[in-house]
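Asks: Everything below, folded, please.
(one chain, ligands or ions: 2)
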Amino acid sequence: MTTLARDIASWSLQDKLVTLRALEQKVLWLSSWMIHNANHLRENRDGLKVGGHQASSASVATIMTALYFDVLRPQDRVAVKPHASPIFHAIQYLFGKQTRERLERFRAFGGAQSYPSRTKDADDVDFSTGSVGLGVAMTAFASLVQDYVQLKGLMREGAEAGRMVAIVGDAELDEGNIHEALIESWKHDIRNTWWIIDYNRQSLDAVISDRLFAGIESQFKAVGWRVVTLKYGKRLEAAFRRPDGAALRQWIDDCPNSLYSALVFKGGRGWREHLLRDLGQLPGIRKLLDEHDDDNLATLMTNLAGHDMESLLEAFHAVADDQRICFVVYTIKGFGLPFAGHKDNHAGLMNPDQMTEFKRRNRIADGAEWDRFAGLEMPAAELEQFLGQVPFASATSRRFLAARVPVPPKLPLSTTAKMATQEGFGRILADLAREGGPLADRIVTTSPDVAVSTNLGGWVNRRGLFNRHRREDVFSEQKVVSAQRWMMSPQGQHIELGIAENNLFILLAALGLSHSLFGVRLLPIGTLYDPFIMRGLDALNYACYQDARFLLVATPSGITLAPEGGAHQSVGTPLIGLAQDGLAAFEPAFVDELATIMDWSFDYLQRDGSAPVDDSQWFHDVKGGSVYLRLSTRTVDQPERGIDDALRDAVIAGGYWLRPPAPGARLAIVYTGAIAPEAIEAHRQILDEIPGAGLLAVTSADRLNAGWHAAERARQAGHRSIAHVEKLLAPLAPDAGLVTIIDGHPATLSWLGGVRGHRVRPLGVEHFGQSGDLPELYRHYRLEVDAILDACAAACLG
Ligand SMILES: Cc1ncc(C[n+]2csc(CCOP(=O)(O)OP(=O)(O)O)c2C)c(N)n1
Ligand SMILES: [Mg+2]
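Replies: Numbering: from 1, shown residues only. Ligands and ions are numbered 1, 2, ... in the order given. Below is the predicted model of the structure:
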């Protein structure tokens, strides 16, 4: 290449192609070497497999080179298929945004992550991936959120809408959550979304059935996606234009996936043998075979569009509109590596001999393995010049900081003497909607078809449904009386989803990252029935893993939903609340507690996840996180009281004495949530026999537990620290008994015995499935007053 102009905008296509091919070669080298180094050259102290996916990475080396070094703009956001993580890190390394040390420590502590991670990687991952399918859907919902903030005029001045791009493994399309998201993409008419399918026709175990893709293409089209299929590269296209080329095209089109893959692996001789046998009678084909030696024939026959830089650039740059697009890009798993096309190559690694050969082919000298430009034909200075002007890398930072939304010291609260926490939640939001203000304006609610039945109706009536397109509520236009007014517009603040809990959690992930992705702080609230958390649990975990911030309101819950049916009872969710990192779980019994918790949550959601934290501190209390409220439809008597600062702090720390124990008391009843009336009544009765017995209200087993662990860790590090739960239990006699009770798994509270060595009689639900009314169910599951009294007797007997 001649000396190039300084401004790459004026480069010819040919110069750009030469440069991009060089970078592609380097990206493939670095990704392969990174994995090789981790598996073969680094000390392995535990004998465990390190792994990494050389073949899956090679499959997208060309696509990702085209995207990152030419097509993408800084405002674009990408979900990279999980097992192409090495390619992503190699690209960032070439941009100077990833260190050599972290590449050397790929999959090691503190090194580049196995799968791209927003929170654990240092090189600007947009969307974490790992659990296949979730990152793909994330791009569609991120685009919806971009529309939400843009149409409300909240984006930064001059900010342009980005494209949300997913690089998708073809087997990811087997994940149901993708199809759930597709339906939502149609309903919300999502735009600016590209799903680029790495169609290597291989999954982990197998070669994919040939018939699959025809179906998938029609599915995309049915929900308004443009499907762009990129099958053959320029060389093959040229061969098809030669005499008898049409027959060659037909032959490849008809070639079963598994045969094509096998021939890719076998190489030139294999191709020749089959082509001679099937098309040898055609003079054009014979001529073509004569002109190509085995290596050239293999190169020609594997010239799929996904490995042809020119075809890819042409297709990506041809897009001039914002319609959602699915690119089906034909690729070869392991392209350019010795196990290309082999059906067992998913976890395959080049052995040291193969690596030596690969290194020789890449013209890399010993010691130059990590060099950014070693072995490339282009001068390093020209490559640097190019890299310095790549549009995607031009932004200094692609992560934004959004101003905090001020949270009032108290939320509006209009309680009645008897109320359920679910009803209280609905009222608080409806009051917020009516009173307005900055907090109300940044709340966005969403629900998978249970907005009304989780008491969001009042809020939605006032704030409306969000949609890019304005749609009147036909019932209201027709003057049909209804409690719900469902007007849709870009101003609306409720995003209605179909019944798909995966979508709920992935949308919450996208809404809950709006501050970082788009510089606009949103306070997302998602509602669903508590048992269906399990339906979307992986997606919930995914949202938390990315440090998205949202309030999850799950109601009704437990067996207390009673006649609504055994199938809807949730037993294990309190344990999910206890165990899920990044999610502070609460289960208030009373509405004033709920209001206190919600008020705190709006602040907690906005705490800075990147804030430094030391040994003396409680990790999530500093960094903030998301919040899960487990609520109930059971109406209970509300206490007449004001919540002062001390009570507020205790509710947030996880518990307070509703009836304080006498010093040295031998017994305490500890309850959580809607079972409060039984605990209160049992406590009243037990006072005759044990006058000093206490009644402990646990608003958050999760926060009590986390605070306890935090205090213990701080002490181990030499700091003075006493946990809230330790202070709470301090007045009790050392051999006191605790009777714990929750409408959920008893292990949620039974750990309290470990705090000071108290004996515990845990009550709760272990089996589920019966429906009935509350007295029947509480008797059946032994949550009624008598069961508590029996447990108290047992606890006192020791
Ligand atoms: C939810 C989930 N299930 C299983 C896996 C394990 N897994 C990782 S990659 C993969 C197959 C990927 O095939 P494909 O998407 O076609 O990618 P390719 O390796 O062909 O590029 C599987 C099953 C996973 N990461 N996530
Ligand atoms: Mg595949």
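
Asks: list the helices and strands the strand or helix carrying residue 185 packs on?
Replies: According to DSSP states H and E, residue 185 maps onto helix 176-187. Applying 3 or more CB pairs under 8 Å, 6 or more residues apart in numbering; DSSP states H and E, one finds that helix 176-187 makes contact with helix 134-151, helix 212-222, helix 501-511. All C-beta spots, glycine's among them, are computed from the backbone N, C-alpha and C.

Asks: Now the longest one - C-alpha only, CSV.
Replies: Written as CSV, here are the backbone C-alpha positions of helix 134-151 (Å, rounded to 0.1, in the frame of the first residue of the first chain):
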residue,chain,number,x,y,z
LEU,A,134,-30.7,-12.7,27.2
GLY,A,135,-28.2,-10.3,25.7
VAL,A,136,-30.0,-10.5,22.3
ALA,A,137,-33.3,-9.5,23.8
MET,A,138,-31.6,-6.8,25.8
THR,A,139,-30.8,-4.9,22.6
ALA,A,140,-34.5,-4.7,21.7
PHE,A,141,-35.5,-3.5,25.1
ALA,A,142,-32.6,-1.0,25.2
SER,A,143,-33.9,0.4,22.0
LEU,A,144,-37.4,0.7,23.5
VAL,A,145,-35.9,2.6,26.4
GLN,A,146,-33.9,4.8,24.0
ASP,A,147,-37.2,5.7,22.4
TYR,A,148,-38.8,6.3,25.8
VAL,A,149,-36.2,8.9,26.8
GLN,A,150,-35.8,10.4,23.4
LEU,A,151,-39.5,10.9,22.7
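
Asks: So is it next to ligand 1?
Replies: No - judged by CB under 6 Å from any ligand atom, helix 134-151 and ligand 1 are separated, with a smallest distance of 7.6 Å.

Asks: How about the second one?
Replies: No - remark: helix 212-222 sits outside contact range of ligand 1, by CB under 6 Å from any ligand atom, the gap being at least 11.2 Å.

Asks: For the residue of the stretch 601-750 of the chain found nearest ligand 2, grab the count of nearby residues.
Replies: Closest residue of the stretch 601-750 of the chain to ligand 2, CB to the ion: residue 626 (32.7 Å). Burial of residue 626 is recorded as 27 neighbouring residues (other CB atoms under 10 Å).

Asks: same deal with residue 439?
Replies: Each residue near residue 439 was counted by other CB under 10 Å, and the total is 17.

Asks: circling back: run the chain-centre distance for the helix holding residue 185.
Replies: 16 Å (CA atoms, centre = their mean, to the nearest Å).

Asks: So which bits of it are buried?
Replies: 177, 178, 179, 180, 181, 182, 183, 184, 185 (16 or more other CB atoms under 10 Å).

Asks: Just the closest of the residues you listed to ligand 2, please.
Replies: Out of the buried residues of helix 176-187, the member with the shortest distance to ligand 2 (by CB to the ion) is residue 178, at 13.9 Å.

Asks: Could you double-check that that closest one sits in contact with residue 134?
Replies: No - judged on CB atoms under 8 Å, residue 178 makes no contact with residue 134 at a distance of 9.0 Å.

Asks: Now do the phi/psi pair for residue 741.
Replies: For residue 741, the backbone dihedrals (degrees, to the nearest 10) come out as phi -150, psi 130.

Asks: right, and it touches residue 676 too?
Replies: No - counting by CB under 8 Å, residue 741 stays clear of residue 676, with 9.4 Å between them.

Asks: Of those two, give the one with the bigger neighbour count.
Replies: Neighbours per residue (other CB under 10 Å) separate residue 741 from residue 676, with residue 741 holding more: 27 against 22.

Asks: nearest residue to the more buried one other than its sequence neighbours?
Replies: Spatial nearest neighbour of residue 741, excluding adjacent residues (CB to CB, 6 or more residues apart in numbering): residue 763 at 4.3 Å.

Asks: repeat for residue 539
Replies: Closest to residue 539 by CB to CB, 6+ apart is residue 505, at 3.6 Å.

Asks: And the residue nearest the centre of this protein?
Replies: residue 542 (3.1 Å; CA atoms, centre = their mean).

Asks: re the thing from before, and the angle for the helix holding residue 185 with helix 212-222?
Replies: Calculated by axes from the mean of the first three to the mean of the last three CA atoms, to 10 degrees, helix 176-187 forms an angle of 30 degrees with helix 212-222.

Asks: Now tell me what touches helix 176-187 from outside.
Replies: Residues outside helix 176-187 that contact it (CB atoms under 8 Å, 6 or more residues apart in numbering) are 133-134, 136-137, 140-141, 144, 172, 190, 193, 219-220, 223-225, 324, 497-498, 500, 502-503, 506, 539.

Asks: ok, of those, which come out buried?
Replies: The neighbour count (16+ other CB under 10 Å) marks 133-134, 136-137, 140-141, 144, 172, 190, 193, 219-220, 223, 225, 324, 497, 500, 502-503, 506, 539 as buried among those.

Asks: Quick one: list the elements packing against the host helix or strand of residue 273.
Replies: Taking DSSP H and E as the definition, residue 273 sits inside helix 268-279. Applying 3+ CB pairs under 8 Å, 6+ apart, we find helix 268-279 packed against helix 245-254, helix 257-266, helix 283-291, helix 294-301.

Asks: Out of these, which one sits most buried?
Replies: Across these, the average number of neighbours (mean count of other CB atoms under 10 Å) peaks for helix 257-266, which reaches a mean of 19.

Asks: is any part of it close to ligand 1?
Replies: No - counting by CB under 6 Å from any ligand atom, ligand 1 has no neighbours in helix 257-266; the shortest distance is 11.1 Å.

Asks: which residues touch the residue in the stretch 251-400 of the chain positioned nearest to ligand 2?
Replies: Distances between the stretch 251-400 of the chain and ligand 2 by CB to the ion are smallest at residue 333, namely 6.0 Å. Remark: with contacts taken as CB under 8 Å, 6+ apart, residue 333 is in contact with 55, 56, 58, 59, 200, 201, 202, 261, 340, 341, 345, 346.

Asks: If you tally nearby residues, what's the number for the second one?
Replies: Per other CB under 10 Å, the neighbour tally for residue 56 reads 27.

Asks: Phi and psi next, for it.
Replies: Dihedral angles (degrees, to the nearest 10) for residue 56: phi -60, psi -40.

Asks: hang on, isn't it packed against residue 85?
Replies: No - with contacts counted by CB under 8 Å, residue 56 stays clear of residue 85, the gap being 9.4 Å.

Asks: Excluding chain neighbours, what is closest to residue 300?
Replies: Using CB to CB, 6+ apart, the closest residue to residue 300 is residue 235 (5.6 Å).

Asks: Show me which residues of the stretch 151-300 of the chain sit near ligand 2.
Replies: 169, 170, 171, 200, 202 (CB under 5 Å from the ion).
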